[in-house]
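>>> got a sequence here, can you build the structure:
(chains A, B, C and D)
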Protein chains: 2
Amino acid sequence: MASRNRKRNVTIIDVAREANVSYSTVSRVVNNNPHVREDKRERVREAMAKLGYVANPLARGLAGGQAQVIGLLVRDLVTEYVAQILLGIDEELATHQYDLMLYTTHHRRAKESQYIQTLTQGFIDGLLLILPLDPGAYLETLRRHQFPYVVIDHQGFDDFSPTVVSTNTRGAYEATEYLIKLGHRRIAFIAGSENTSSAIERLEGYRAALQAHDLPFDPALVQSGEFDQPGGFHAAQKLLSLPERPTAIFAANDASAIGAMDAIRSHGLSIPGDVSIIGFDDIRQSAYCYPPLTTVRQPLIDMGRIATRLLMTYIANPAHPRERVVMNTELVIRESCAPPRSAGQA
Amino acid sequence: MASRNRKRNVTIIDVAREANVSYSTVSRVVNNNPHVREDKRERVREAMAKLGYVANPLARGLAGGQAQVIGLLVRDLVTEYVAQILLGIDEELATHQYDLMLYTTHHRRAKESQYIQTLTQGFIDGLLLILPLDPGAYLETLRRHQFPYVVIDHQGFDDFSPTVVSTNTRGAYEATEYLIKLGHRRIAFIAGSENTSSAIERLEGYRAALQAHDLPFDPALVQSGEFDQPGGFHAAQKLLSLPERPTAIFAANDASAIGAMDAIRSHGLSIPGDVSIIGFDDIRQSAYCYPPLTTVRQPLIDMGRIATRLLMTYIANPAHPRERVVMNTELVIRESCAPPRSAGQA
DNA sequence: GCGCACTTTGCAAACGCTTGCAAACTGATC
DNA sequence: GATCAGTTTGCAAGCGTTTGCAAAGTGCGC
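Numbers count the residues shown, from 1 in each chain, chains lettered A, B, ... in the order given. This is a model prediction of the structure:
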């Protein structure tokens, strides 16, 4: 409504007057355009410093230049998983001269595509997407606009997008194999949200490891944990009520593993004495819960950082070929796993 | 450099043509200006829907309107403390039609005031500041520009700013008193970063409780923990090497308490058997570390939420009187505290 | 059927920048 | 010292809005 009574800002024109050049020259200096003679460039720089000139990103964006802002589209900020990636993004961004615009969709699909429209109007120069909900529709739009974007941990829905992912299948395979080598035979799996590729890949890894070691796959041992703590709790409840209880549980992420640990304890069982548990992600809590959680480390911070770096490349050079970066996972052994009680087998 | 070859967007002018009115009428409809006849308003709405019009925030901002964006200025995103506040901000924002611009200063002072300049150019409509570093300079600027802002957990440096804080002194008093009532006599304090008011107030609360219970204040029992985990670890190391070891430690925040717990264990001591420990904040890890940490809960999410709501009020009505909201802390008793070993006293 | 006080509408200027285009400059070459 | 190919510079148009101001429209009482 009421327009703010802002004090008049120092503009490119003021600088031009001070430096005794035209305003386009000032603009060129600001944008590092090479077609400016060195002495004038210097004069403009001095004038800018003297007047305390700060570019107006709105005007730049509107006029078709770079707003020096990138966007991050994410479902929500609740999870430590997202928080860690955000950390990496932020760190990387600090080394470039870019700011960050945060878009949380709060799980409402309509919002995502609405944002995309706003965004491509020049508000931001590039977009990072973490685990987008229903990207079919608008990724196509982004591509058509030649708008720079990078997807983090996506769902394999298309192969044209630059992406940063981690070795979900292999990580899950290694986790499962670790439990098998400890002597476990009944290993349960707490799965993630069904429609994400990381959930699917981790389930695949789990099954592959069972198969490789000639263990049967029992669907009753797979329960969905929705990637969150309450989900993990409930899934574990069900698993522990099974007639033949599992001796180990592999949870598709740490949050659900931590929930499962609560459930195990509430059944009066000990970790890892009665039930071993292993997670995925290596969020901060995992090192500080009791007992410290063995897990598959996913380099979340680095994923954020690399994705950002990739995006910067695309912004600078829109023709840069699409890449798919795969980050290695790593088994982090702490104290939540042990051989099964009755086990002499190995 | 290269201007993006964006497809021409649907503008206010396209809508005007479609609805057969002037573009200012469309603008008025978009801004809910009452001076539009009902039938035209309806026609414009239809045209907007038909064409899929989305307002360009850059142009709005530039022209002096509202960009529908608020900014958040924060040192970094590393801490769970900030993450929780951010959560509250984000949740509240979702109910308004506002987006969030994130500014992390990464502890560089120069950056803060530079941002402030950009911001007041119309890029954002209001600003939230969490624990600003050196606000003396630019808070004054904001005030002069009549720019809406709210400070979260500030340092008491000025009394003109709208602020959301919590009862630090009282919370610290209660934590200390709780330890005293358990029978502890040598209670150490791991302090926060010296120049923040929350650190100062918590130290005050600690001292006040000692005094109220006729216990001496021993400067050797106060060590700075810098509000982070390594800091807490080192501070605890020093405290535990004291000739007469404390039987309880009160840490100025949970992060340093968790660091201290590591130190206690690395000294071969048990918690709470040998040393009791209590934190401040109630971040998520605290419930999942071992043993679960007794702490003073600070309603961080609510603080973010309330601050955002306050900011919305100021944006809508710049003349709204400056408020200072104080949130209550609450002692959360878990399992990290017990009476001292040798204690019959209470 | 006219004048009056409102309400509604449209035009034009501004917001601060980028950039294509043409003019002005530069220095080397003959 | 004129010519030419670069290089540097400045002008003007445009990006999509908001909003003050003036013009046009409305309804009412006489």
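>>> which residue is the nearest non-sequential neighbour of residue A:198?
In space, and not counting its chain neighbours, residue A:198 is closest to residue A:168: 5.0 Å by C-beta to C-beta, 6 or more residues apart in numbering or on different chains. C-betas here are computed from N, CA, C, even on glycine.
>>> could you measure from that neighbour over to residue B:77?
As judged by C-beta to C-beta, to the nearest Å, residue A:168 and residue B:77 stand 25 Å apart.
>>> so for the two, which sits in the more crowded spot?
residue A:168 (26 against 21; other C-beta atoms under 10 Å in any protein chain shown).
>>> got the phi/psi numbers for the residue nearest to residue A:198?
Main-chain torsions, residue A:168, degrees, to the nearest 10: phi -60, psi -50.
>>> where are the low-confidence patches of the stretch 151-300 of chain A?
Low-confidence segments of the stretch 151-300 of chain A (pLDDT under 70): A:155-159.
>>> what pLDDT does residue A:4 get?
If you check residue A:4, the pLDDT there is 41.
>>> show me what contacts the residue lying closest to residue A:27 once chain neighbours are set aside?
The shortest distance from residue A:27 to any non-neighbouring residue, by C-beta to C-beta, 6+ apart, is to residue A:12 (5.9 Å). Contact analysis of residue A:12 by C-beta atoms under 8 Å, 6 or more residues apart in numbering or on different chains lists A:23, A:26, A:27, A:30, A:53.
>>> any idea how far residue A:12 lies from residue A:39?
From residue A:12 to residue A:39 the distance is 19 Å (C-beta to C-beta).
>>> just residue A:286 next, same as before
Taken as C-beta to C-beta, the span from residue A:286 to residue A:39 is 59 Å.
>>> same check, this time on residue A:92
Counting by C-beta to C-beta - residue A:92 and residue A:39 are separated by 36 Å.
>>> what's the answer for residue A:258, then?
For residue A:258 relative to residue A:39 (C-beta to C-beta), the value is 64 Å.
>>> where do the strands sit along chain A?
Applying DSSP state E to chain A gives strands spanning A:69-74, A:99-104, A:126-130, A:149-152, A:163-166, A:187-191, A:222-224, A:248-251, A:276-281, A:294-297, A:324-327, A:330-332.
>>> closest one to chain B among those strands?
strand A:99-104 (4.6 Å; C-beta to the nearest C-beta).
>>> circling back to that earlier point, for PyMOL, what selects the buried ones among the contacts of residue A:12?
Of the contacts of residue A:12, the buried ones go into a single PyMOL selection, burial set by 16 or more other C-beta atoms under 10 Å in any protein chain shown:
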select buried, chain A and resi 26+27+30+53
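>>> okay if I get the contacts of residue A:12 as TSV plus distance to residue A:214 and pLDDT?
Putting those into TSV (distance: C-beta to C-beta, whole Å; pLDDT from 0 to 100) gives the following:
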residue	distance to residue A:214	pLDDT
A:23	76	94
A:26	73	95
A:27	70	95
A:30	67	93
A:53	71	91
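>>> restrict the contacts of residue A:12 to contacts with DNA strand D.
Residues of the contacts of residue A:12 in contact with DNA strand D (C-beta under 7 Å from any atom of the strand): residue A:23.
>>> how about the contacts of residue A:12 in JSON lines, adding distance to residue A:138?
Below are the contacts of residue A:12 laid out as JSON lines (distance: C-beta to C-beta, whole Å):
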{"residue": "A:23", "distance to residue A:138": "37"}
{"residue": "A:26", "distance to residue A:138": "37"}
{"residue": "A:27", "distance to residue A:138": "33"}
{"residue": "A:30", "distance to residue A:138": "32"}
{"residue": "A:53", "distance to residue A:138": "37"}
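>>> who are the contact partners of the closest residue to residue A:97 other than its chain neighbours?
For residue A:97, ignoring the flanking residues on the chain, the nearest one in space by C-beta to C-beta, 6+ apart is residue A:68 at 5.9 Å. Contact partners of residue A:68, counting by C-beta under 8 Å, 6+ apart, are A:57, A:60, A:97, A:98, A:99, A:125.
>>> one more: residue A:291?
A:271, A:272, A:334, A:335, A:336, B:290.
>>> tell me the two of these that are most distant?
The two members of those with the most space between them (C-beta to C-beta) are A:272 and B:290, at 14.0 Å.
>>> give me the more crowded residue out of those two.
Set side by side, residue A:272 and residue B:290 show more neighbours around residue A:272, with 22 against 15, by other C-beta under 10 Å.
>>> was I right about the more buried one contacting residue A:340?
No. The criterion here is C-beta atoms under 8 Å, and residue A:272 misses it with residue A:340 at 9.3 Å.
>>> for chain A, which residues are neighbours of DNA strand D?
So chain A meets DNA strand D at A:1-3, A:21-25, A:28, A:34-37, A:40, A:59, A:62-64, A:121 (C-beta under 7 Å from any atom of the strand).
>>> buried ones among the residues you listed?
A:21, A:25, A:28, A:36, A:40, A:59, A:62, A:121.
>>> tabulate those residues (TSV), appending pLDDT.
As requested, these are exported to TSV (pLDDT from 0 to 100):
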residue	pLDDT
A:21	93
A:25	95
A:28	94
A:36	92
A:40	91
A:59	93
A:62	91
A:121	82
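>>> of those, which belong to helices?
A:25, A:28, A:40, A:59, A:62 (DSSP state H).
>>> those residues also near chain B: which ones?
Among those, the residues that sit close to chain B (C-beta under 8 Å from any C-beta of the partner chain) are A:59, A:62.
>>> can you name the two of the ones in helices among the buried ones among the residues of chain A next to DNA strand D that are farthest apart?
A:40 and A:62 (26.1 Å).
>>> residue A:98 contacts residue A:69, correct?
Yes. Residue A:98 is within contact range of residue A:69, at 6.5 Å (criterion: C-beta under 8 Å).
>>> what sits in contact with each of these two?
Residues touching both residue A:98 and residue A:69 (C-beta under 8 Å, 6+ apart): residue A:125.
>>> can you give me the neighbour number for residue A:328?
For residue A:328, using other C-beta under 10 Å, the count is 12.
>>> ok, it touching residue A:297?
No. Applying C-beta under 8 Å, one finds residue A:328 not in contact with residue A:297, separated by 9.3 Å.
>>> in a markdown table: the contacts of residue A:291, plus distance to DNA strand C.
Shown next, in a markdown table, are the contacts of residue A:291 (distance: C-beta to the nearest atom of the strand, whole Å):
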| residue | distance to DNA strand C |
| --- | --- |
| A:271 | 58 |
| A:272 | 60 |
| A:334 | 51 |
| A:335 | 56 |
| A:336 | 54 |
| B:290 | 55 |
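>>> can you add distance to residue B:104 and give the residues you listed back as JSON lines?
Listed next are the contacts of residue A:291 as JSON lines, based on distance: C-beta to C-beta, whole Å:
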{"residue": "A:271", "distance to residue B:104": "38"}
{"residue": "A:272", "distance to residue B:104": "39"}
{"residue": "A:334", "distance to residue B:104": "31"}
{"residue": "A:335", "distance to residue B:104": "35"}
{"residue": "A:336", "distance to residue B:104": "34"}
{"residue": "B:290", "distance to residue B:104": "32"}
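>>> fine by me, thanks again.
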